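K.L.:
following is a predicted model, sequence given first.
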Amino acid sequence: MEIQADKVENIGEILLSEFQTVEKLRQPFEDLWLKDLRQYKGQYDPEVLANIGTNRSTVNIRQTKIKVDSISSKCLDLLFPATGEANWDIGTTPIPKLAPHIEQKLRQDLVARIPDADEEDFNAVLKEHAKITSEKMRKEIKDQLVEKPGRISYRETAKRVIRSGLKYGTGILKGPLVTVEERKSWGLGEDQETGQKKWMMERVEGEITPFYEFVQIWDFYPDMSVADLKNCSFVWQAHIKDQADLLELAMRKDFKGDKIRQYIKENPKGSAVAKNHEQQLRMMSEDASQSPQLEGKFRVMERWGFLTGVQLKDAGISINPENEIEVFYSNIWILDNVVIKAVLAPVKGAEMPYHLFYFDKDETCIFGDSLPTIIRDPVKAYNAATRGMLDHAAITAGPQISYNASALRAGTDIEIYPFKLWPFEDTDDMDKAFKVWDLSNHMSEYVALTQFFRDVIDELSTPRFMQGQGDVGGAGDTAHGLSMLMGAANVNLKEIIKTYDDGITQPFISGMYHWNMQFNKKEEIKGDFDVVALGSSSLIAKELYADKLMNAAKVTDSPRFQPKIKDDMLLKEVFKALELNADLIRTEEEQAEWDKKQMIMQAEANITVLMAEAEKRGLDPGMMIQNLMAQSVAQMNAAQGQEVVA
């Protein structure tokens, strides 16, 4: 669609008003996220600090950070194993569909090979071709998700999404969208001032690639009237840009460069104003004295959502008159009330580019409950008990002392230190000067209290033994007991992984599939496929399977079972489950060579012992070895004879 230059300001005012409304509705959640972040960083809310008072401990043990980091790390290991195995797959549909010319070519080749081939034979060929094609599509998408210059990998993006979901309740992944890879190169060009040829830096457009990114929750403004992303009429995203960034956008074909340049001229010092949450975030940083650095910056707002044909026409998109009453999913960018971009959603089948991961979905709104929110009360109680314990320890560490000022000589320093001389007016005053009390110590009660709240935190989040901490008692003394504990802990993790699969993996990889079907020029990868998320099923099951294999290996150490077990197969399964390199296992040839060396070494050791024994007894070593060899041959012949008789 081409962008027109008329009637842009009217729709810009409408969209700006819509954003300002949703911004006010999101304000209560910003306050909650600020509490979550302070709790994660080990900082008290201002009202808590005010209640603590002076001369009291302000220690804050970061239990929340420990929990967030450990769960995040565990989820990442399950979703992205060290072996590089993908947590998703692409397979053929029950009845795959290919492009008509491909199906025709397959049918012709089949008839050429088997003249009397029927429809069942053709369906088998079709499924086999679709299977090969889906594997090529899987490899193509996997290659698109690895790290490349100027783009972080999908794994690193997922890591940020998961951490945001744990810290704030909601993690946001955006994509796939369409971007063009650009590279800079040197070439001969004409200087506009002198007209002479000289080497100049040029931009060279590369191929179209899928674009995806992690979106910070502070920049995400969804439709607050619904509780599910799929029901959102619109979603806003904020971008902070400097002048150079805006000029970069002005050079792109899908942006209105003239509008952007005109806006910069009217606002040479920028127009972005710090919002409340941005000021609060700055205060949490180490350099809290400075205000958010927004001088010279611009706040660009990006909107994805439905608009009528009339509204899109006002935004600058060419719409047929008969379609003006229809609703279209579109992408609009504005600077204040100025529309600088207006296009229809580019990826068919994946119009909504945002995908959400929830730690704990709140059914009443579009945002989820965070881990800090869930454990906030026990964490506050735990830190209050810890502060009380430290304050009590300080008070009871030594005696409480009172003194009689009139008994001391005027001007006497009352500070206590070793070998101090105290001046008194007379000897009677020495017995009246001081009195000492020892206060009761209740440290054991405080320790029990902190342990209680720590256990509550564990119950609401992740057991400490999953973090390599804590005592699991008798349950961890046996492999079976520890396996049961790990299985119980994995129930919660499995639910988290399932939530990630449903909210991120399935829709995002499906979007990548649609993107490649629409924009990829490789026809050999295209077909009718289904996307399957594997994280919550096979990856966690694999970890439990590894535990079972290790237990099986221990059982097979018994001489009763050794003859019945295929050791090579068991060893390969153990290595596979533990994600170890199978090349560490010797091949049959390498094992035969190793056995041969062991036999030679053992024979040499036996000969050395025999020779030493022969010399000790005064016998001829050669004759002794010859006799032993003769006995061995006789025993072997006797054994072979018995086998023949049998």
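P.N.:
Structure's in. What do you need? Numbers count the residues shown, from 1 in each chain.
K.L.:
helix, strand or coil for Ser440?
P.N.:
coil (DSSP: H, G, I helix; E, B strand; the rest coil).
K.L.:
cool, Ile600 as well?
P.N.:
helix.
K.L.:
quick one: buried residues of the one helix or strand Lys105 maps to?
P.N.:
In this assignment (DSSP states H and E), Lys105 forms part of helix 100-113. For helix 100-113, burial by neighbour count (16 or more other CB atoms under 10 Å) applies to Ile102, Glu103, Leu106, Arg107, Leu110. All C-beta spots, glycine's among them, are computed from the backbone N, C-alpha and C.
K.L.:
tell me the one of these nearest Ala448?
P.N.:
Comparing these against Ala448 with CB to CB places Ile102 closest, at 72.2 Å.
K.L.:
circling back: and after the helix holding Lys105, which helix or strand comes next?
P.N.:
For helix 100-113, the following helix or strand on the C-terminal side (DSSP H and E) is helix 119-144.
K.L.:
list the buried residues for stretch 249-260?
P.N.:
For stretch 249-260, burial by neighbour count (16+ other CB under 10 Å) applies to Leu249, Ala250, Phe255, Lys256, Lys259, Ile260.
K.L.:
please name the residues that touch the fifth one.
P.N.:
Okay, so that is Lys259. Lys259 is in contact with Val8, Leu335, Val338, Val339, Ile340, counting by CB atoms under 8 Å, 6 or more residues apart in numbering.
K.L.:
three-state assignment of it?
P.N.:
Secondary structure, three-state DSSP: Lys259 is helix.
K.L.:
how about the helices in the stretch 301-450 of the chain?
P.N.:
309-315, 371-374, 376-396, 428-432, 443-460 (DSSP state H, counting those that start in this stretch).
K.L.:
show me what the third one is packed against.
P.N.:
This points to helix 376-396. When contacts are defined as 3 or more CB pairs under 8 Å, 6 or more residues apart in numbering; DSSP states H and E, helix 376-396 packs onto helix 8-41, helix 63-79, helix 443-460.
K.L.:
in JSON lines, list those helices along with mean pLDDT, distance to Ile52 and mean neighbour count.
P.N.:
Putting the helices and strands packed on helix 376-396 into JSON lines (pLDDT from 0 to 100; distance: least, CB to CB, whole Å; neighbours: other CB atoms under 10 Å) gives the following:
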{"stretch": "helix 8-41", "mean pLDDT": "92", "distance to Ile52": "14", "mean neighbour count": "17"}
{"stretch": "helix 63-79", "mean pLDDT": "90", "distance to Ile52": "18", "mean neighbour count": "20"}
{"stretch": "helix 443-460", "mean pLDDT": "91", "distance to Ile52": "17", "mean neighbour count": "15"}
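K.L.:
and Glu589, which of those helices is closest to it?
P.N.:
For Glu589, the closest of those is helix 63-79, at 35.4 Å, according to CB to CB.
K.L.:
give the other helices and strands that the closest one contacts.
P.N.:
Applying 3+ CB pairs under 8 Å, 6+ apart, one finds that helix 63-79 contacts helix 8-41, helix 154-168, helix 371-374, helix 376-396, helix 443-460, helix 479-500.
K.L.:
need those in JSON lines with distance to Leu126, can you?
P.N.:
What follows is these, written out as JSON lines (distance: least, CB to CB, whole Å):
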{"stretch": "helix 8-41", "distance to Leu126": "48"}
{"stretch": "helix 154-168", "distance to Leu126": "31"}
{"stretch": "helix 371-374", "distance to Leu126": "48"}
{"stretch": "helix 376-396", "distance to Leu126": "57"}
{"stretch": "helix 443-460", "distance to Leu126": "52"}
{"stretch": "helix 479-500", "distance to Leu126": "33"}
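K.L.:
name the SS class of Tyr263, please.
P.N.:
helix.
K.L.:
ok, back up a step: quick one: closest of the helices and strands packed on helix 63-79 to Asn320.
P.N.:
Evaluated over the helices and strands packed on helix 63-79, closeness to Asn320 peaks at helix 8-41, with 18.2 Å, by CB to CB.
K.L.:
got the angle between that closest one and helix 376-396?
P.N.:
If you take axes from the mean of the first three to the mean of the last three CA atoms, to 10 degrees, helix 8-41 sits at 40 degrees to helix 376-396.
K.L.:
continuing past helix 8-41, what's the next helix or strand?
P.N.:
Note on helix 8-41: by DSSP H and E, the next helix or strand toward the C-terminus is helix 46-52.
K.L.:
what is the rounded mean pLDDT of that following helix?
P.N.:
Mean pLDDT, computed over helix 46-52, is 86.
K.L.:
please name the nearest non-neighbouring residue to Ile374.
P.N.:
Leu460 (5.6 Å; CB to CB, 6 or more residues apart in numbering).
K.L.:
helices and strands of this structure: which one has the lowest mean pLDDT?
P.N.:
When each helix and strand of the chain is scored by mean pLDDT, DSSP states H and E, helix 479-500 comes last, with a mean of 60.
K.L.:
now the strand or helix carrying Val235: how far from the chain's centre is it?
P.N.:
Of the helices and strands defined by DSSP H and E, Val235 is found in strand 234-242. The chain centre lies 23 Å from the centre of strand 234-242; the measure is CA atoms, centre = their mean, to the nearest Å.
K.L.:
got the angle for the next helix or strand after that strand vs strand 234-242?
P.N.:
On the C-terminal side of strand 234-242, the closest following helix or strand by DSSP H and E is helix 243-250. If you take the same axes, to 10 degrees, helix 243-250 sits at 130 degrees to strand 234-242.
K.L.:
ok so, going back, what's the farthest-apart pair in the buried residues of stretch 249-260?
P.N.:
Longest span within those, CB to CB: Leu249 and Lys259, 10.4 Å.
K.L.:
pLDDT at the residue positioned nearest the centre of the chain, what is it?
P.N.:
By CA atoms, centre = their mean, the chain has its centre lying nearest to Lys159, at 2.2 Å. Here the pLDDT value assigned to Lys159 is 95.
K.L.:
for it, give me its contacts.
P.N.:
By CB under 8 Å, 6+ apart, the contact list for Lys159 reads Ser72, Leu76.
K.L.:
same question for Asp369.
P.N.:
For Asp369, the contacting residues are Gly169, Phe359, Asp360, Lys361, Asp362, by CB under 8 Å, 6+ apart.
K.L.:
quick one: the helices in the stretch 501-646 of the chain?
P.N.:
Secondary structure of the stretch 501-646 of the chain (DSSP H, counting those that start in this stretch): helices at 506-519, 540-555, 567-577, 588-617, 621-645.
K.L.:
does the longest one pack against any helices or strands, and if so which?
P.N.:
Right, helix 588-617. By 3+ CB pairs under 8 Å, 6+ apart, helix 588-617 packs against helix 621-645.
K.L.:
distance check, Ile457 against Leu493.
P.N.:
From Ile457 across to Leu493, the span is 17 Å (CB to CB, to the nearest Å).
K.L.:
wait, I meant Met352
P.N.:
Met352 is 28 Å from Leu493, by CB to CB.
K.L.:
count the residues that sit near Phe434.
P.N.:
15 (other CB atoms under 10 Å).
K.L.:
spatially nearest residue to it, not counting backbone neighbours?
P.N.:
For Phe434, ignoring the flanking residues on the chain, the nearest one in space by CB to CB, 6+ apart is Tyr403 at 5.2 Å.
K.L.:
ditto for Pro399
P.N.:
Nearest non-adjacent residue to Pro399 (CB to CB, 6+ apart): Val436, at 4.5 Å.
K.L.:
quick check: buried residues in stretch 164-181?
P.N.:
Judged by neighbour count using 16+ other CB under 10 Å, the buried positions of stretch 164-181 are 164-177.
K.L.:
so where's the stretch 451-600 of the chain shaky on pLDDT?
P.N.:
Scanning the stretch 451-600 of the chain for pLDDT under 70 picks out 462-492, 535-567, 570-571, 573-584.
K.L.:
if you could redo that for the stretch 251-400 of the chain, that was the one I meant.
P.N.:
Using pLDDT under 70, the stretch 251-400 of the chain drops low at 286-292.
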